[in-house]
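1. just to be clear, the model below is a prediction. Sequence and coordinates:
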Amino acid sequence: MTDRQSPVDNFVLRNFRLIRTIVVILLGWFLAALVILAISRDRGTTLRSFFLGPLSSRVLIGSLFETMTPLVFTGLALAIQFQAKQFNLGAEGCFFIGATVGTAFAISTRMPTALHIVCTIAVGAAAGAAWNWLPGYLKAKYGSSELVCSLMLNYVALYLGLYLINYHFRDTAANEMTSYRLPTTATLPRILPGTRLHIGFLIALAVAVLFWVFLYRTKWGYQIRMVGSNINFAKANGINTGRVIVLAQVIGGAVAGLGGIIQIMGIDQRFLYESLPGFGFDGIVVTRIALNNPLLVIPSALFLAYLKVGGSYMNLMGDVPAELVNVVEGVIILLISSEALLETWRYRIMMRKASER
Amino acid sequence: METEDVILEVQSITKVYTTGVVANRDVSFSVERGSIHAIVGENGAGKTTLMNVLFGLERAQGGRLLLNGKEMEVSTPEEAIRLGIGMVHQHFMLAPDLTVAENVVLGHEPRRGLLLDHSRAVQVTEEISAQHGLHVPANAKVKDLPVGVRQRVEILKALFRKADLLILDEPTAVLTPQETDDLFVTLRRLKTNGITIIFISHKLKEVKAIADRVTVMREGRVVVTRTAAGMSEHEMAHLMVGRDISFDRLPAGNAGDSVLSVRHLSVTSADGVPLLNDITLDVHSGEILGIAGVDGNGQSELVSVLAGLSQPSSGNVSLLGSDLTAMSIRDRHKAGLAYVPEDRLRDGVAASSSIEDNLIVDRYDTPPYSGAVLMNYPYIHDKAREYISSLSIAVQDSRASIESLSGGNIQKVVLARELSSKPKVLLVDQPSRGVDVGSMETVHGLIREQRDAGLAILLVSADLDEVLRLASRILVFYGGQITAEFQDVSNLQPSDLGPYMLGAKRQEATV
C-alpha cells in the first residue's frame, strides 16, 4: 500500500511550493466569487463577466495579452533581482524612466523604421538599467538597503520623468497632459487585427525565455543564483559578490525600462501617464506567484492580466467595481507569503514517509 | 524498580522536524533519582532534540513525559524550570557583561525596592556555591572568566532556580582535560547532594568515568538502557554506530618537503587586541599537521587568513614558493589551496541550491564545465553522479537541494569538491563537527588517502581525539601563540596537551 502512495507523496513534496501557489490562486478566485455572490444583485451576469469575460471576444482576448505584456517585463525585472536576494522594488521607477526617456528619444530623432524601433527600445532599456544601477552600487559599496533606496527613487523617477515630458515634449495642442505622438517610425507593429496587441508581446515572451536561459544556463546566472542562495558561500569561493549584486539590479532595471518604452511604443504611442502606473508593483505579485522563475512569469502574468481584464469587464457589465481585483491580488500576496499555509499537510506526508522507513 | 526511585520517565517520544528529519522515534527510558544518567549517541542521533523536548524548547508529536510519576506538559523553558528542570546548554546562555552573581539571579532577582539587592545576590550565590562546592568569584564579570568557570556559573544558575534534575548537553566539548576532571568532581558532589544529572555526550571514555546508567541512542531510537558498569567502551561504540568502529590512531606517514609555509603571521583585532601573534609554521607534503587548542585561541584567525577571507596585520604565507598573502581567494585556489570550512552551512555550501551547483562553485567558469557563455549541464550532471556514487552519498538525484542531505553527506560533498580540484594543500577546519560517526570514518578515510598521496594537510579541530587520531605532528595554540609542538604523537595523551592548551605551560622555542 505504501508503494502505491509513495509516488504521489514524492510528487507533492517535490513540487510543494508550486502546488501551494496554485491552491492560493484558486483560493483567490474563490474569494472573488464569494464577494460577488454576497454583494451583487445580478449574480449571473457579474460572475460570468468576471470569470469568462476575458475570453468572450477577440478584442478582449487581445486586451488580455496587451495587459499581460508589461506585467511580464516587470515580473522578470523583479524575478532576477529576487533570485540574487536583492529586494529592489524599483521596477516601477525604472518602468517610468524607461518610458519617459525612450519617448523623449523617439520624438527628438528621425530614423528609418526598423532602426528607430531598435534604438528607442535600447534607449529605454539603458535608461532603466542606469536608474537601477544606483541602489545596486550603493548596496554593493556601502551596504545600504536597496529596498529603501529603490522605493525612494521611484518618486524621484516619477517627478523627473514628468518634468522631462511636461517641459520639453508636451503636446500643447492636446487638451490633456500628454507628450507629442511618437513618430510612426518608432511605433510597434500590431499583430492581431482589431486589437492593440503589438509585437512587444512576442518580445516579452522571448525575453522570458532568454532570462531563463541566462539564469539557469549561463555562468553569470549561476553567480546570481549562488549569491542569492548563500552570499557567504559565494564570497568564500571567490565570486565577486559586489559585482553580481550590481549586475542583477542593472539587468532588472533594463528589463523594467524595456517594459516601459515598449508599452508606450505599442499601446499608447504617446506618453500620457500622470502618476506611477503601478506595473512595477504588480510585478511583485507576478514574480511571487512565479516563484521567481522567469518561465513561470509568463503564466503568472497571464493570470494577473486575466483578473484585471475580467475585473474591468465586470465593471462594465455587472454591478461589482473593478477594485475587487485589488482585493484578490492582496489576498493572494498575503497567502503566498504565509509560509505556514498547507504546511500541516506537507508535514503529514513527511511523517508518513518517515514512518515507512 | 520502584516508581519512587524514578524521577523521570520518558515514554514513546517522537519528534519530526518540518524538514522531514525524524529526530526522535518512539524514545522511552527512565532516569533514577539521584543518579548520573548518560545519553550517548553519534551527532544527529537525537540526543539534543530529546533534551530540548524535555526542557520545553521543542514540542514532540507523540509520547509523554512523567516527572515524579505525574505527567508533565512543558511547552516553554519557564515551565520546565518551575518543575525543577535545569539545563546547561552547549553554548552558554550568560550575559557576559554582568557579574557572576547577577547572572545567577537573572530573572529571579532579589530586590530592594525597585533595585537589585546586590549584596543579597552575592550572598545567595556564595551560599549555593559553598553548598555544592562550585567555586566561583561572585563579583567577577562573566566575560573575564575561563570557559570552565562559566560552565559552573551555568550550573549555579540552574541550582538557584531550585533544579533537582540537571541536563548537561555535551558539557565537556569546550573543556580541556583538566577542566573536565574538575567538572566530574563537581557532578559527583551534586549527586551526593541528591541532584539527578542527565549527561549528554558522545565521548565514551567520559561516560564510563562518570555515569551510573547509560542510554544509547542511534538514528533517533533508543538502542539500550543499562548500567554503565555493565558495558565496555567498545560495546557502547558498537551499539552507537551499529557496527565495529576502529578508534586506532593513524600511523604517521612519510612527510616530505614543506609545501605551505607561514612566516611571522600576526592578526590584530580592530580594537588592537592581538589574536594571532607571530605564528611561524610549515606544512609538509604527506603529513597532517594538527592544530590543537580550546576554541577561540587564534585557530579560526589562522584559517581565515590562510583561506584568504581576511588579511593578516603582518607576516606572510607562501605555497611552494609563491606568495599567497595578497592573492584573491580564487587565485589561492588555483595555486593549489583547498579549504573545508568550519561552518559548512555558512561558508561551504549554498543550502537551497542543488548538489550539482554546489559541486562546481570553484570551476563553473572553466571548460569543460562551461563554454564562453553557457554552462555545460549534461557534463556537470555526469560528473556529479560520479562523485555521488564514489563517496556513497545517499541521494538519488544530484539536482536535489543540498539541504536535504545529512550533515555528514554535506561534508562529503564539500570534500569531494575540494579534493577533486587536485590541490597541493588541504586546509580542514573541524572536519567532523556535526558529522555522525559513520560519515566521520569516511571523512577521515578520505583525509588519510590524500595524505598518503602526498597532500599537505593542515587540520584544525577542537576535538582533541580527532587531532590525536589523525595528526602526524601537533601544534598547540593558546592565546594566539604556539605553546607546544609534538613531533611524535604516537604515545601522546590528551592530558599531555592540556596544560599547553590552558596556557599553564609552554615549551621553550625549539627551532
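-> Happy to help now that I have it. Predicted model only: the values in this text are computed from it and were never measured.
2. sec struct for the residue nearest to A:L205 when sequence neighbours are not counted, please.
-> The spatial neighbour of A:L205 that comes closest, neighbours along the chain excluded (CB to CB, 6 or more residues apart in numbering or on different chains), is A:I298 at 6.5 Å. In this view, the C-beta of every residue, glycine as well, is placed from N, C-alpha and C. The three-state assignment at A:I298 reads helix, by DSSP: H, G, I helix; E, B strand; the rest coil.
3. for A:I298, give me its contacts.
-> Residues in contact with A:I298 (CB atoms under 8 Å, 6 or more residues apart in numbering or on different chains) are A:72, A:205, A:208.
4. which SSE is the last one in?
-> Under DSSP states H and E, the secondary-structure element containing A:A208 is helix A:200-217.
5. could you do the first one as well?
-> Taking DSSP H and E as the criterion, A:V72 maps to helix A:58-83.
6. where in chain A is pLDDT low?
-> Scanning chain A for pLDDT under 70 picks out A:1-6, A:339-340, A:347, A:350-357.
7. ok, back up a step: which parts of the helix holding A:A208 are buried?
-> By neighbour count on 16 or more other CB atoms under 10 Å in any protein chain shown, the buried set for helix A:200-217 is A:200-201, A:203-205, A:207-208, A:211-212, A:214-216.
8. what is the nearest of the residues you listed to chain B?
-> A:Y216 (8.3 Å; CB to the nearest CB).
9. quick one: name the residues of chain B near chain A.
-> Counting by CB under 8 Å from any CB of the partner chain, the positions of chain B adjacent to chain A are B:16, B:18, B:20, B:22, B:61, B:307, B:309, B:328-330, B:333, B:339, B:341, B:346-353, B:357, B:360-362, B:364-365, B:370, B:373-375, B:377.
10. apart from its neighbours in sequence, what residue is nearest B:R221?
-> B:R25 (5.1 Å).
11. which stretches of chain B aren't confidently modelled?
-> In chain B (pLDDT under 70), the answer is B:1-4, B:18-21, B:43-44, B:244-248, B:394, B:396, B:434, B:436-438, B:509-511.
12. now the residue nearest the centre of it, nearest residue through space, not along the chain?
-> For chain B, B:R433 is the residue whose C-alpha lies nearest the centre (CA atoms, centre = their mean; 5.0 Å). Of all residues not flanking B:R433 in the chain, B:E342 sits nearest, at 6.9 Å (CB to CB, 6+ apart).
13. which of the helices or strands spans the one you found?
-> Using DSSP H and E, B:E342 falls outside every helix and strand.
14. just the closest of the buried residues of helix A:200-217 to B:Q450, please.
-> B:Q450 lies nearest to A:Y216 out of those, by CB to CB, at 33.4 Å.
15. for the closest one, give its distance to A:G75.
-> 17 Å (CB to CB, to the nearest Å).
16. what does B:E109 give?
-> For B:E109, the distance to A:G75 - CB to CB - is 55 Å.
17. which of those two has more neighbours?
-> Taking other CB atoms under 10 Å in any protein chain shown, B:E109 and A:G75 do not tie; A:G75 has more neighbours (36 against 17).
18. returning to that earlier point: let's verify the residue nearest to the centre of chain B: helix, strand, or coil?
-> Strictly by three-state DSSP, B:R433 counts as coil.
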